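1. Below: sequence and its predicted model.
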Amino acid sequence: MAETTEQASVAPDLPTEFTEIEMRCPPCNAVWSAPVARRVNVRTHPDARLGILLKTIHWTRCPVCKQQRPIDAIFEYFDPDKRLLVQVRPEWEYHAGGGEDWYWTRYEDLVLKYQDVDIRVDVVFGLDQLIEKFLGGEDAVRRAREEWETRQRKERSP
Ligand SMILES: [Zn+2]
């Protein structure tokens, strides 16, 4: 806790962190572990931003029936250049958990968690809210799609 004053103006370095989550496919009862991001630093992992805009982040495939399944994970989006950290929670939670009150409780928890780091924090429910509020909305999604297609074309014709 001591000696943090000198570094107060330096952009904080919160690294990308992954973990594994146990998944189960109800129809075929298969169990496997899938990698999930707990926190993405979009300076070191710019593709995570693309994955969010294209909504390809946090999907996994059942190894048996090959069905795509969404991973219901809470993660943190961190942009060191903007000094912004956004906790992304499942969209359904807002409706099931008590709306505005739920938001403020989660927000206060996050403020406490990062009280010693010089960043702005917020909480959103669902990728749509993150994209709309912080990533530039539909325009950013369109640009991400173009970037992805350009990259695919380059891979096809080296
Ligand atoms: Zn399956």
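-> Noted; the coordinates are in hand.

2. Now do the helices in the protein.
-> Here the chain has its helices, by DSSP state H, at 46-53, 91-97, 99-113, 127-130, 137-156.

3. and those helices, which one is worst for confidence?
-> Looking at the helices of the chain, the lowest mean pLDDT belongs to helix 91-97 (a mean of 87).

4. report the longest strand in this structure, please.
-> strand 30-41 (DSSP state E).

5. contacts for it?
-> Residues from elsewhere that reach strand 30-41, judged by C-beta atoms under 8 Å, 6 or more residues apart in numbering: 13-25, 48-49, 57-58, 60, 62-65, 71, 73, 75-78, 80. Any C-beta I mention is one placed from the backbone N, CA and C, and that applies to glycine too.

6. Can you go through the residues you listed and name the buried ones?
-> 14, 16, 23, 25, 48-49, 57-58, 60, 62, 73, 75-78, 80 (16 or more other C-beta atoms under 10 Å).

7. which of these sit farthest apart?
-> Greatest spacing in those, by C-beta to C-beta: 25 and 80 (36.8 Å).

8. Pull the contacting residues for residue 17.
-> With contacts defined as C-beta under 8 Å, 6+ apart, the neighbours of residue 17 are 37, 38, 39.

9. Now narrow the buried ones among the contacts of strand 30-41 to whatever sits close to the ion.
-> 25, 62 (C-beta under 5 Å from the ion).

10. Mind checking which of the buried ones among the contacts of strand 30-41 land in strands?
-> Of the buried ones among the contacts of strand 30-41, the ones assigned to strands by DSSP E are 23, 25, 60, 75, 76, 77, 78.

11. Could you provide these in CSV, with additional columns for pLDDT and distance to residue 91?
-> Formatted as CSV, these follow (pLDDT from 0 to 100; distance: C-beta to C-beta, whole Å):
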residue, pLDDT, distance to residue 91
23, 96, 19
25, 95, 22
60, 95, 18
75, 97, 13
76, 98, 16
77, 98, 15
78, 97, 20
